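K.L.:
after the sequence you'll find the predicted model.
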Amino acid sequence: MKELSSKIANIEPAKIRKMYDMAQGLDNVISFVIGEPEFDTPQNIIDAAKKAMDLGHTHYTPNSGILPLREAVSAHFRDFDKVSYNPLDEIMITVGGMQGLYLSLLVLTNPGDEVIVSDPCYTNYYGMIEMNHAVPVTVPVYEEEGFNFTEKGLRAALTSKSKAILLNTPSNPTGAVADQATIEMIARIAVEHDLYVIFDEVYKHLTYDDEAFFNIARIPGMKERTIIVDSVSKSYAMTGWRVGFCLGPEPVISQMQKIQEFMLSCVNTPAQYAAIEALTGPQDALTYMNEQYKQRRRIMVDRINSIDTLSCLMPKGAFYVFMNIKETGLTSDEFAIQLLKDQHVVVSPGDCFGAMGEGYVRLSYATSVENINEGFDRIEKFVKKVSERRVPAK
């Protein structure tokens with residue numbers, strides 16, 4: 001048999017899934033590893049999908065998605081993000097935010113083009129960039145700087161091959177939120193060096209403590225060079241529905257529409273009607289879930305900072321804590337694997353998200369208060385054992 005694609009073979013699998021797979025078969029496991037709401041999709045959204053099927057909305061749609069959903073997305077972004085996009089030719093419905101990211105990279109980059117990402121960043125960015133024959137260029141971001149880009153760090157990453165900056169705010173894995181001054185700095189560099197910005201805002205509704213979300217496309221000169229990626233997955237507990245959207249300049253969106261025909265034709269039709277209900281229907285469930293995440297964030301952060309050798313910042317958004325484990329003396333992998341084996345608690349090693357994630361592990365607080373407390377009872381026992389092993393015998 002002739003060999004398979006060497007390009008794909010050389011892409012490393014996601015380490016998060018490795019931890020998930022290692023936990024299979026173990027009993028009484030508490031997982032903080034997958035970034036998914038524990039809540040079920042709100043009933044009104046489910047009912048909208050059922051109604052769509054009853055009405056016969058089970059056929060192909062336009063490549064860019066049904067117009068009523070694109071109109072709902074346009075209205076939502078006008079009201080929440082304060083940016084205006086034409087639903088006819090500047091909005092594209094995608095299979096979750098993931099396909100939106102992939103299409104953005106596919107349309108924007110040529111082989112060898114460089115895409116700037118933070119380190120740490122969402123682990124799937126690396127694979128998607130490499131699958132499109134582009135090159136990820138990492139910019140270290142530091143805990144003491146809130147895990148946000150700095151101008152010095154960004155400028156150091158620029159080369160003649162730089163094509164785009166991939167900006168995720170609120171951030172997975174760190175929970176960082178880029179403030180307006182940081183976003184204006186990134187915009188200034190993008191305009192100065194003629195760069196695109198892929199603006200991943202899938203956690204935009206999950207901000208806390210009055211932390212303001214600011215869309216980079218609001219800045220003069222940025223709308224024409226920004227591709228916004230968003231979805232209903234995280235905010236509305238719709239991860240399995242796989243509905244997202246891209247907003248951007250017509251020349252970019254038209255290329256995405258063309259590719260969609262060759263890739264998968266269209267997004268699931270009843271799911272698109274469900275997404276309309278998510279965006280336009282009652283927002284009580286979103287408000288309730290946010291309040292629950294805020295409560296669980298506080299509980300998790302308090303538990304972490306009460307344990308010797310562990311610490312973390314208070315995340316400003318998303319539903320992740322990036323826990324500093326450096327004082328335990330363990331690497332991220334060692335901590336995660338030993339914790340799983342010893343206490344049946346699953347976390348994501350920080351180096352899943354880049355070299356700068358070493359010395360950290362990521363935990364999702366999109367789980368129950370009971371799981372958080374039980375999980376941290378076990379983590380505390382584990383860390384105590386680790387500390388005792390490090391004390392030399394007299």
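P.N.:
That came through fine.

K.L.:
how long is stretch 322-331 end to end?
P.N.:
14 Å (CA to CA, to the nearest Å).

K.L.:
so for it, mean pLDDT?
P.N.:
Average pLDDT, stretch 322-331: 97.

K.L.:
then stretch 78-88?
P.N.:
Averaging pLDDT along stretch 78-88 yields 97.

K.L.:
how about stretch 223-240?
P.N.:
97.

K.L.:
and what of stretch 336-351?
P.N.:
96.

K.L.:
contacts for it next, please.
P.N.:
15-16, 19-20, 22-23, 26-33, 120, 173, 322-323, 325, 330-333, 335, 357-363, 375, 378-379, 381-382, 385-386 (CB atoms under 8 Å, 6 or more residues apart in numbering). Bear in mind the C-beta positions are built from the backbone N, C-alpha and C, glycine included.

K.L.:
give the buried residues for stretch 346-357.
P.N.:
Residues of stretch 346-357 classed as buried by neighbour count (16 or more other CB atoms under 10 Å): 346-354, 356-357.

K.L.:
an error on my part: the question was meant for stretch 151-160.
P.N.:
Going by neighbour count (16+ other CB under 10 Å), the buried part of stretch 151-160 is 153-154, 157-158.

K.L.:
please narrow those residues to those residing in helices.
P.N.:
Within those, residues falling in helices by DSSP state H are 153-154, 157.

K.L.:
of those, which is the nearest to H57?
P.N.:
L154 (45.0 Å; CB to CB).

K.L.:
what distance do you get for the closest one to I183?
P.N.:
Distance, L154 to I183, using CB to CB, to the nearest Å: 12 Å.

K.L.:
same question for G146.
P.N.:
Taking CB to CB as the measure, G146 and I183 are separated by 13 Å.

K.L.:
go on, V137?
P.N.:
Between V137 and I183 the computed distance is 20 Å (CB to CB).

K.L.:
could you check which of the two is surrounded by more residues?
P.N.:
Neighbours were counted for V137 and for I183 using other CB atoms under 10 Å; I183 has more, 23 against 19.

K.L.:
that one in helix, strand or coil?
P.N.:
For I183, the assignment made with DSSP: H, G, I helix; E, B strand; the rest coil gives helix.

K.L.:
ok, now which ones touch it?
P.N.:
167, 169, 214, 216, 219.

K.L.:
next step: those residues restricted to strands.
P.N.:
L167 (DSSP state E).

K.L.:
can you put the contacts of I183 in TSV and add pLDDT, distance to Q43 and neighbour count?
P.N.:
Listed next are the contacts of I183 as TSV, based on pLDDT from 0 to 100; distance: CB to CB, whole Å; neighbours: other CB atoms under 10 Å:
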residue	pLDDT	distance to Q43	neighbour count
L167	98	35	25
T169	97	31	27
F214	96	33	20
I216	98	35	26
I219	98	39	19
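
K.L.:
ok, and the closest non-adjacent residue to the spatially most central residue of the chain?
P.N.:
Note on the chain: the residue nearest the mean C-alpha position is N172, at 4.7 Å, using CA atoms, centre = their mean. Spatially, and ignoring its direct neighbours in sequence, N172 is nearest to Y122 (4.8 Å; CB to CB, 6 or more residues apart in numbering).

K.L.:
pLDDT wise, what is that neighbour at?
P.N.:
96.

K.L.:
burial check on it, number of neighbours?
P.N.:
Y122 has 23 neighbours, counted by other CB under 10 Å.

K.L.:
cool, D27 as well?
P.N.:
Residues near D27, counting by other CB under 10 Å, number 5.

K.L.:
looking at this structure, which helix or strand does the model trust least?
P.N.:
Ranked by mean pLDDT, DSSP states H and E, the weakest helix or strand in the chain is helix 15-23, scoring a mean of 81.

K.L.:
hmm, who's touching the following helix or strand past it?
P.N.:
As assigned by DSSP states H and E, the chain's next helix or strand after helix 15-23 is strand 30-31. Contact with strand 30-31 is made by 20, 23, 344-346, 367, 371, 374-375, 378, as judged by CB under 8 Å, 6+ apart.

K.L.:
do that again at 6 Å, thanks
P.N.:
Contact with strand 30-31 is made by 345-346, 371, 374-375, as judged by CB atoms under 6 Å, 6 or more residues apart in numbering.

K.L.:
just the ones of those residues in strands?
P.N.:
Those of the contacts of strand 30-31 lying in strands (DSSP E): 345-346.

K.L.:
out of the contacts of strand 30-31, which two sit at the greatest distance?
P.N.:
Greatest spatial distance among those (CB to CB): V346 and E374, at 13.0 Å.

K.L.:
ok, back up a step: pipe the buried residues of stretch 151-160 into CSV and attach pLDDT and distance to Y142 per row.
P.N.:
Formatted as CSV, these follow (pLDDT from 0 to 100; distance: CB to CB, whole Å):
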residue, pLDDT, distance to Y142
G153, 97, 9
L154, 98, 13
A157, 98, 15
L158, 98, 19
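
K.L.:
can you give me the helices in the stretch 1-150 of the chain?
P.N.:
Ranges of helices in the stretch 1-150 of the chain, per DSSP state H, counting those that start in this stretch, are 6-9, 15-23, 43-54, 67-76, 96-108, 124-131.

K.L.:
follow-up on the earlier one: now do the least confident helix or strand of the chain against helix 124-131, angle only.
P.N.:
Angle of helix 15-23 versus helix 124-131, following axes from the mean of the first three to the mean of the last three CA atoms, to 10 degrees, is 120 degrees.

K.L.:
kindly export helix 15-23 (C-alpha atoms) in CSV.
P.N.:
In CSV, the C-alpha atoms belonging to helix 15-23 read as follows (Å, rounded to 0.1, in the frame of the first residue of the first chain):
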residue,chain,number,x,y,z
LYS,A,15,-3.0,15.3,24.7
ILE,A,16,-6.3,16.3,26.3
ARG,A,17,-7.9,13.3,24.7
LYS,A,18,-5.1,11.1,25.9
MET,A,19,-6.0,11.9,29.5
TYR,A,20,-9.7,11.4,28.7
ASP,A,21,-8.9,8.0,27.2
MET,A,22,-6.7,7.0,30.2
ALA,A,23,-9.6,7.5,32.5
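
K.L.:
list the buried residues for that helix?
P.N.:
For helix 15-23, by 16+ other CB under 10 Å, it's 15-16, 19.
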